[in-house]
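In: what shape does this take:
(one chain, ligands or ions: 2)
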Amino acid sequence: MKPQTPPRTYRVKSFGCQMNVYDGERMAELLDARGIRPATEGEDADLVVLNTCHIREKAAEKVYSDIGRITKSGRAAGKEPLIAVAGCVAQAEGEEIMARAPAVSMVVGPQAYHRLPEMLDRATKGERASDTDMPAIAKFAQLPRRAKRSPSAFLTVQEGCDKFCTYCVVPYTRGAEISRPFADLVDEAKRLTDGGAREITLLGQNVNAWSGEDARGTAIGLDGLIRELATIPDLARIRYTTSHPNDFTPGLVAAHGEVKKLMPYLHLPVQSGSDRVLKAMNRQHTADRYLRLLDEMRTVRPDIALSGDFIVGFPGETEAEFEETLSLVDEVRYAQAFSFKYSPRPGTPAASMDGQLPREVMDDRLQRLQSRLNRDQLAFNEASVGRTCDVLIERRGKHEGQWLGKSPWLQSVWFEAEPGQDPAIGDMVEVELVEAGPNSMRGTLLEKVAA
Ligand code: 5AD
Ligand code: SF4
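Out: Ligands and ions are numbered 1, 2, ... in the order given. Next up, the predicted model:
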């Protein structure tokens with residue numbers, strides 16, 4: 001590679017989960033701290049970071065086609081952009097990317113992105129650099145202070161996964177479960193609220209496996225962390241995602257009934273309603289155990305909105321087993337859910353299992369599952385009509401006077417303000433939900449809620 005002038009502009013493109021969004025924001029801050037500015041809409045950046053996701057199909061192919069597109073568009077604009085591949089595809093396929101894509105000068109795994117600036121120095125000298133080491137999370141201590149002002153912020157508290165579900169690449173790409181220390185998290189949460197955050201979503205691949213020691217040295221779990229964060233006066237809302245059923249403690253269930261700032265929403269993946277399939281997936285719980293856990297949640301927090309993840313067409317899944325998933329959905333009545341066709345991930349046990357299913361079967365099952373999930377999401381929204389709730393305003397709508405935010409149940413809510421009401425981004429306002437759509441609610445603004 002030829003030596004280059006240092007980049008003046010960058011673009012970070014994040015794919016996949018919220019943890020990638022968080023990581024992408026941290027990488028952007030590292031580049032900001034270097035005096036590199038974000039490229040404007042439509043502008044070809046001097047440096048492009050592709051922050052990739054490997055969880056489902058065609059991730060790597062997408063990366064290669066993105067690289068081709070970026071190079072071509074850069075050339076047309078008379079530049080040769082520096083390209084960094086970050087995230088889980090970088091972790092899983094870093095060497096192949098280096099071999100196959102000469103335009104890529106940096107490959108940086110999810111545990112190494114704090115080294116991006118050093119790698120950039122080498123790349124501008126014409127060297128290619130790759131770092132996919134997985135040390136215990138050293139990166140957090142080396143990241144710059146967070147500057148972005150947003151009413152709703154993410155905070156990574158835990159990373160990695162030890163569960164080894166047989167279909168999943170996460171234990172390989174994100175490594176073993178690690179919890180960030182309590183004091184660092186309290187500190188970062190305070191900095192976020194000082195910067196204007198009113199809501200914090202605690203992130204982790206297995207967030208409810210978080211463990212640590214509080215200020216007095218007492219061992220605590222996620223519920224203890226939540227209770228501590230709830231004492232930050234400017235913080236109004238706490239959420240967390242994603243959880244595993246086996247890491248639920250009675251303390252965390254109880255926190256949902258006791259901590260007012262903990263929002264009535266739970267994303268708890270189940271993947272399948274069939275015990276045979278759950279076993280083959282190595283989920284280590286039954287459908288019944290999952291359902292009982294949701295019962296406990298509803299007992300302490302009757303209005304809780306439930307969300308889940310599903311995989312259809314896992315190897316060997318029969319029609320009857322798929323119907324068990326549909327029955328589970330009918331029993332739970334999710335407020336929201338995410339469903340996917342099984343995608344064989346290289347190197348995972350399920351990828352070499354017998355009984356891989358044809359695409360048509362998966363398409364059909366996904367469509368049937370999604371129509372039930374959509375039915376339930378609309379029903380949940382319809383049942384919310386008439387409720388009065390707080391909405392945290394996140395942005396302006398497309399039309400003059402229109403505002404968008406989230407209800408406690410994570411519904412998108414839009415409303416129009418009358419002249420004189422003057423809401424602002426970051427305000428918590430009281431809204432009556434008056435109309436339900438499949439993906440959002442219309443509200444009417446009642447009043448501003450005191451901070
Ligand atoms: N195929 C399809 N879906 C998957 N997920 C994880 N791995 C796979 C895979 N190989 C889904 C699961 C998980 C969500 C983040 O992605 O439902 O909960
Ligand atoms: Fe993947 Fe299972 Fe770990 Fe979730 S719990 S990240 S699905 S291995």
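
In: report pLDDT for residue 451.
Out: Model confidence at residue 451, expressed as pLDDT, equals 48.

In: tell me the contacts of the one residue in the stretch 1-150 of the chain that gets nearest to ligand 2?
Out: Here the stretch 1-150 of the chain gets closest to ligand 2 at one residue, residue 55, 8.0 Å apart by CB to the nearest ligand atom. To be clear about C-beta, it is placed using only N, CA and C from the backbone, and glycine gets the same treatment. When contacts are counted by CB atoms under 8 Å, 6 or more residues apart in numbering, residue 55 touches 16-17, 88, 168-170, 345.

In: please report phi then psi for it.
Out: phi -70, psi -40 (degrees, to the nearest 10).

In: returning to what we had before: format the contacts of residue 55 as a markdown table; extra columns: secondary structure, neighbour count and pLDDT.
Out: Below are these laid out as a markdown table (DSSP: H, G, I helix; E, B strand; the rest coil; neighbours: other CB atoms under 10 Å; pLDDT from 0 to 100):
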| residue | secondary structure | neighbour count | pLDDT |
| --- | --- | --- | --- |
| 16 | coil | 19 | 87 |
| 17 | coil | 19 | 86 |
| 88 | helix | 26 | 91 |
| 168 | coil | 21 | 95 |
| 169 | coil | 24 | 93 |
| 170 | helix | 22 | 91 |
| 345 | coil | 22 | 92 |
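
In: among those residues, which ones lie close to ligand 1?
Out: Checked against ligand 1 using CB under 6 Å from any ligand atom, the contacts of residue 55 yield the following neighbours: 168, 345.

In: now, the most widely separated pair of the contacts of residue 55?
Out: Within the contacts of residue 55, 17 and 345 form the most distant pair, 14.8 Å apart (CB to CB).

In: tell me which residues of the particular helix or strand that has residue 369 in it are tucked away?
Out: Taking DSSP states H and E as the definition, residue 369 sits inside helix 359-384. By neighbour count, with 16 or more other CB atoms under 10 Å as the criterion, the buried positions of helix 359-384 are 362, 365-366, 369-370, 372-373, 376-377, 380-381, 384.

In: also stretch 108-121?
Out: Buried residues in stretch 108-121, defined by neighbour count with 16+ other CB under 10 Å: 108-116, 119-120.

In: narrow these to those in strands?
Out: The subset of the buried residues of stretch 108-121 located in strands under the criterion DSSP state E comprises residue 108.

In: sitting in helices, which of the buried residues of stretch 108-121 do you find?
Out: Among the buried residues of stretch 108-121, the subset assigned to helices under DSSP state H consists of 116, 119-120.

In: a markdown table for these, including distance to ligand 2 and pLDDT?
Out: Listed next are those as a markdown table, based on distance: CB to the nearest ligand atom, whole Å; pLDDT from 0 to 100:
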| residue | distance to ligand 2 | pLDDT |
| --- | --- | --- |
| 116 | 24 | 93 |
| 119 | 27 | 93 |
| 120 | 30 | 94 |
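
In: and which of those residues is nearest to ligand 1?
Out: Using CB to the nearest ligand atom, residue 116 is the member of those that lies nearest ligand 1, at 25.1 Å.

In: pLDDT below threshold where in the stretch 101-250 of the chain?
Out: Counting by pLDDT under 70, the stretch 101-250 of the chain contains low-confidence ranges at 136-137, 144-148.

In: flag every residue of it that's near ligand 1.
Out: Near ligand 1, when you scan the stretch 101-250 of the chain using CB under 6 Å from any ligand atom, you find 167-168.

In: contact residues of the stretch 101-250 of the chain facing ligand 2?
Out: If contacts are counted using CB under 6 Å from any ligand atom, the residues of the stretch 101-250 of the chain sitting beside ligand 2 are 161, 163-165, 168, 170-171, 205-206, 244.

In: okay, those residues in JSON lines with secondary structure next?
Out: JSON lines is the format used below for these (DSSP: H, G, I helix; E, B strand; the rest coil):
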{"residue": "161", "secondary structure": "coil"}
{"residue": "163", "secondary structure": "coil"}
{"residue": "164", "secondary structure": "coil"}
{"residue": "165", "secondary structure": "coil"}
{"residue": "168", "secondary structure": "coil"}
{"residue": "170", "secondary structure": "helix"}
{"residue": "171", "secondary structure": "helix"}
{"residue": "205", "secondary structure": "coil"}
{"residue": "206", "secondary structure": "coil"}
{"residue": "244", "secondary structure": "coil"}
